[in-house]
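Visitor: Any chance you could fold what I've pasted below:
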Amino acid sequence: MLSESERRSLDEIEHQFRLDDPHLDNRLAVGRSHPKPTTVLAVLFGALGVFLLCMGVIGAALLSFGMVSVSLLLRGTTWR
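Guide: Have a look, this model is predicted:
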């Protein structure tokens with residue numbers, strides 16, 4: 001349990017945080033977003049590609065890695 005002075009200090013810190021970065025404050029208030037379906041597809045195709053590569057099926061593994069890049073492009077991911 002916090003004392004009254006600690007509670008006041010915490011409220012001041014919280015208020016200053018909200019003033020300094022309102023965008024981050026809004027993102028934290030909303031909570032964590034769910035992963036996009038294209039991100040899930042990219043992860044699944046990546047795992048499949050690694051599995052196929054370990055099994056020695058090079059062509060199918062390359063195709064799977066290609067699908068990872070297509071999924072990321074559909075998501076709008078860029079290098080920067």
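Visitor: does the residue most central in space within the chain sit in a helix, a strand or a coil?
Guide: Computing the C-alpha centroid of the chain and ranking residues by Cα atoms, centre = their mean puts Pro35 first, at 6.9 Å. Going by DSSP: H, G, I helix; E, B strand; the rest coil, the secondary structure assigned to Pro35 is coil.
Visitor: Convert the helix-or-strand element of the chain with minimal mean pLDDT to CSV, retaining C-alpha atoms only.
Guide: Least confident element among the helices and strands of the chain, by mean pLDDT, DSSP states H and E: helix 22-30 (a mean of 77). Output of helix 22-30 as CSV, limited to C-alpha atoms (Å, rounded to 0.1, in the frame of the first residue of the first chain):
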residue,chain,number,x,y,z
PRO,A,22,0.4,11.4,-25.7
HIS,A,23,0.7,9.0,-28.6
LEU,A,24,2.4,6.4,-26.5
ASP,A,25,-0.1,7.0,-23.7
ASN,A,26,-3.0,6.3,-26.1
ARG,A,27,-1.3,3.1,-27.4
LEU,A,28,-0.8,1.9,-23.9
ALA,A,29,-4.4,2.7,-22.9
VAL,A,30,-5.8,0.8,-25.9
